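[1] Generate a structure from the sequence data that follows.
(chains A and B)
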Amino acid sequence: MTLKEILSNSVTRKSAGTGLLLIIVAALTLEATSVIQFFFTQRGLRQEAIQRAESELDATKNEILDVINQAEAAVRNNMWITRWCLDIPDSLHRVTELLVKNNPVVIGSTVALMPGYSKKHPLYAPYTFRAGHELLRKSLATEEYDYPNQEWFKMALDQSDGFWSEPYIDKGGGDILMTTFSMPILDKHGELAAVLTADISLNWLTEVVGDIKVYPKAFSMVLSRAGRIVVCPEESLVMKKTAAEMARTLEDTTTALAISRAMLAGKDGNMQIKENGIVNQVFFSPVEKTGWALSIIIPESDIYGKSRRIGFLVGFLQLLGILMLILIIRSSGKNQLEYQKLSRQREKMEGELRIASNIQMSMIPKSFPPFPDREDIDLAAKLEPAKEVGGDLYDYFIRDDELFFCIGDVSGKGVPASLVMATTRSLFHSVASREHSPAKIVASINSNLCEMNENTMFVTFFCGVFDLKTGRMVYCNAGHNAPMVLREDIQMLEVEANLPMGVLEDFTFKEQEIYLQYDDAIFLYTDGLTEAENIQHELFGEERAQEVLHRRRGSYEHLKALLKAVGEFVGEAPQSDDLTMLFLHYLGHQDPGKDKHLILHNDIQQIPQLAEFVETIAREKSLEQSLAMSLNLALEEAVTNVILYAYPEGSDGLVEIEAILKEKRLDFIISDSGVAFDPTQKPDTDITLGVQERRIGGLGILMVKTIMDKVEYRRENGKNILSMTKHI
Amino acid sequence: MEIIINGTTASLIGRLDTPASPDALKELAPLFEQADKEIVLDCKQLSYISSSGLRIFLMLRKEAAAKGGKVIVRSINEDIRKVFMMTGFLNLFELQD
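    You can find the predicted model right below:
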């Protein structure tokens, strides 16, 4: 073992020790946090359950008392008239009839006289009750019913405030669960004379109480004064068993009995009872006047269920986190050992990649002049790599009289940048060899770069396709510096704000175009030129570059002069970035009479420019005045059509007019990128019609067709192209 | 484009092309009101007319037909006469030298 290895091993051991401590501390902190959190959550949930149960008990009690009070009021309101009628017992049935009729909650009522109070009727109890929508009458003074011995009668006698009977099932009226409120009636002499009653059905009670659903599995029960089960989700118990009887069937009978005792004693409270392994919270409260007790039973799983599930989940995640921490710390210990091995490998790999990038660089065209047999273009390009391998690129080639060229700068430096640069260049070469539109070339390279771009490196890129015959240059600028256009003066080329390549896979790149005339030039460069820095951290800048370019030189001499100027400016400062330049001097298109171009915006006020355009052509070709006017007319009609209808209202669009002048014929090509529309398809206006029948429109295209010898429409690359020919 | 109106006679001077037409239509409004009479469009100095200009002629002619007046086109040059011919306007208007 070398000293170095011993050292690195001790480093590993030390880091493993720190790691263990870290794990213990992390685990303790996590556990403590979750225990505290669990405790508070439980407490919060319990508080919430108590609140919900209590408010539900109150609300339900109020609903019950509302009905109870209505029934009591019905009886009280009829006490005086009952007393008044005692002398004429035969009229008492009328009292009961009115009481039932006027009080919807009451389903039956009687005035039962004290036995022997009336001489005429020793037992007298006329009863009125509801049967559907009708009110029926019968007498309760039968031998078998024996009303003086019924609870509602006996118990009422010494209750001056009235008495609510135990709920009971009325056999006569169709098994209705009922309860009766009875009130003793004293006669004028203060003697106990009769009992006035109101029966109410308790069917609504089952519904009201059954509606209590504070938690999914919670349920409610109502006990009567005597401990009978009046409402309960288990219907077989209703009115058949008492709370005490039920308690005996439960696991924890002692607690169940204690709860029922507390309820029957009219107490408010909360107790818990375990049944089938589930702890249930029982909340109870008395219903005044009736002596009933209302209760809500909530299984704890309902209350704490969610928090326990979350608790388990949190615990599991924490365990997972700690395990991962252990793994990470172990592997980082190992990594230290492997690091030195890897860095040696990387140095070797970097060296190899440098060679690869050099090979790629050598594929960039460097010979000058690049196109010795062409007289219409003078092109030169230069890439000065910085010391560290960088990511600048350029390329160019001619295909079918069109010059395809590009310049680009990959973000970042080093081997990754130079690899992206090499990829971009070869993508340009392969895509541009089949694709014609710069926007499509850029889009294709972009989507390829995005696919393999894991390091999120991007490429600023300018791509142009230059028709050497016509001087038309279509270009697409993906976030690169705007090139300079050299004419009488130097201007920046207008460029769309497209994103650089490699940023967004489905970005829509827009292309633009410019017409170059004989002697015009385009200068492309990367920021290695303008951002070249001297020791004072000043930048070379565009203005210094333009000063150099102002002088007339060949393209190669321009680049040499620029490099010299940059070199003098930078001085001793090291070159920090690649510096790439491409100079394109157009020497074609020397005969300006051959064809002409005019580009108009979709603004009707630009029409006079069209007249001038035709005027120039007419002069050049010595056309007769009348022919010139006809041509002007046809062009105006065709162009107006585009201006008015091709583009959506308010949006800016262009109309391009190209005139190709030949010996015996003139060709006009009008193109626009608006909505597809073929004016030649419009039916011809019938010019034989009279004044009334003539339509106002349709004259324009008619004149175009009449004046021109040939009119053809085609849709190509999203453009409307109308070609017109006139023989001269 | 210049238009001089004198009673029911309008003298059109210059180029009646697409950009000039909206203003021309406004200026000729008085003639539309008098379309029940005989209206004269003096084209002696009219050098150019496009379909949007012809449209104004046709609208005036329709107005006159509806109101029982008539439109006389006076002194058109040869080039504009050709335009009238190709659009069938020769049949719609009464031409005077």
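
[2] Phi and psi next, for the residue in the stretch 551-700 of chain A that chain B sits nearest to.
    Residue of the stretch 551-700 of chain A nearest chain B, by CB to the nearest CB: residue A:687 (2.6 Å). Any C-beta I mention is one placed from the backbone N, CA and C, and that applies to glycine too. Torsion angles at residue A:687 (phi, psi; degrees, to the nearest 10) stand at phi -90, psi 0.

[3] what's near enough to touch it?
    A:702, B:86-88, B:91 (CB atoms under 8 Å, 6 or more residues apart in numbering or on different chains).

[4] Buried only: go through these for me.
    Listed as buried from the contacts of residue A:687 are A:702, B:86-88; burial here means 16 or more other CB atoms under 10 Å in any protein chain shown.

[5] ok, so of those, who is nearest residue A:247?
    Closest approach to residue A:247 among the buried ones among the contacts of residue A:687 (CB to CB): residue A:702, at 104.4 Å.

[6] Report the secondary structure element holding the closest one.
    Applying DSSP states H and E as the criterion places residue A:702 in helix A:699-707.

[7] mind checking pLDDT for whichever residue of the stretch 401-550 of chain A sits closest to chain B?
    Residue of the stretch 401-550 of chain A nearest chain B, by CB to the nearest CB: residue A:515 (25.1 Å). At residue A:515 the predicted local distance difference test score is 90.

[8] how about residue B:47, what does it touch?
    Per CB under 8 Å, 6+ apart, neighbours of residue B:47: B:14-15, B:77, B:79.

[9] Need the phi and psi values for it.
    Taking degrees, to the nearest 10 as the convention, residue B:47 sits at phi -100, psi -20.

[10] any idea how far residue A:165 is from it?
    Between residue B:47 and residue A:165 the computed distance is 115 Å (CB to CB, to the nearest Å).

[11] can you check residue A:204 too?
    17 Å.

[12] just residue A:69 next, same as before
    17 Å.

[13] Show me which of these two is the more surrounded one.
    residue A:165 (21 against 12; other CB atoms under 10 Å in any protein chain shown).

[14] Which residue is the nearest non-sequential neighbour of the residue in chain B positioned nearest to chain A?
    Closest residue of chain B to chain A, CB to the nearest CB: residue B:88 (2.6 Å). Excluding its sequence neighbours, the residue lying closest to residue B:88 (CB to CB, 6 or more residues apart in numbering or on different chains) is residue A:687, at 2.6 Å.

[15] Which of the helices or strands spans the residue positioned nearest the centre of chain B?
    Ranked by distance to the mean C-alpha position of chain B (CA atoms, centre = their mean), the top residue is residue B:57 at 4.2 Å. In this assignment (DSSP H and E), residue B:57 forms part of helix B:51-67.

[16] so residue A:220 touches residue A:206, yeah?
    No. Contact criterion CB atoms under 8 Å: residue A:220 and residue A:206 do not qualify, at 10.2 Å.

[17] Low-confidence stretches in the stretch 151-300 of chain A?
    A:171-174 (pLDDT under 70).

[18] Next to chain B, which bits of it? Give me the list.
    Nowhere does the stretch 151-300 of chain A come near chain B, counting by CB under 8 Å from any CB of the partner chain.

[19] can you give me the helices in the stretch 151-300 of chain A?
    For the stretch 151-300 of chain A, applying DSSP state H, counting those that start in this stretch gives helices covering A:151-154, A:203-210, A:243-249, A:253-264, A:300-362.

[20] Next, format those helices as JSON lines and append mean neighbour count.
    Below are the helices of the stretch 151-300 of chain A laid out as JSON lines (neighbours: other CB atoms under 10 Å in any protein chain shown):
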{"stretch": "helix A:151-154", "mean neighbour count": "18"}
{"stretch": "helix A:203-210", "mean neighbour count": "16"}
{"stretch": "helix A:243-249", "mean neighbour count": "17"}
{"stretch": "helix A:253-264", "mean neighbour count": "18"}
{"stretch": "helix A:300-362", "mean neighbour count": "13"}
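
[21] So which of the buried ones among the contacts of residue A:687 is the closest to residue A:435?
    residue A:702 (40.3 Å).

[22] sorry, back to before: which of the contacts of residue B:47 count as buried?
    B:15, B:79.

[23] Show me the contacts of residue B:47 that map onto strands.
    Among those, the members falling in strands (DSSP state E) are B:14-15.

[24] restrict the contacts of residue B:47 to contacts with chain A.
    B:15, B:79.

[25] is it true that the residue of the stretch 401-550 of chain A closest to chain B touches residue A:597?
    Yes. Here residue A:515 reaches residue A:597: they are 5.6 Å apart, a contact under CB under 8 Å.

[26] residues contacting residue A:183?
    Here residue A:183 is in contact with A:75-76, A:79, A:156, A:162-163, A:195-197 (CB under 8 Å, 6+ apart).

[27] same question but for residue A:536, I mixed them up
    Contacts of residue A:536 by CB under 8 Å, 6+ apart: none found.

[28] swap in residue A:177?
    So residue A:177 contacts A:167-170, A:201-203, A:205-206, A:230, A:238-239 (CB under 8 Å, 6+ apart).

[29] mind checking how far it is from residue A:61?
    Residue A:177 is 19 Å from residue A:61, by CB to CB.

[30] Could you say which helix or strand holds residue B:4?
    Assigned by DSSP H and E, residue B:4 falls in strand B:2-6.

[31] ok, for residue A:658, nearest residue in space, not its chain neighbours?
    Residue A:658 sits nearest to residue A:669 (CB to CB, 6+ apart), 4.3 Å away.
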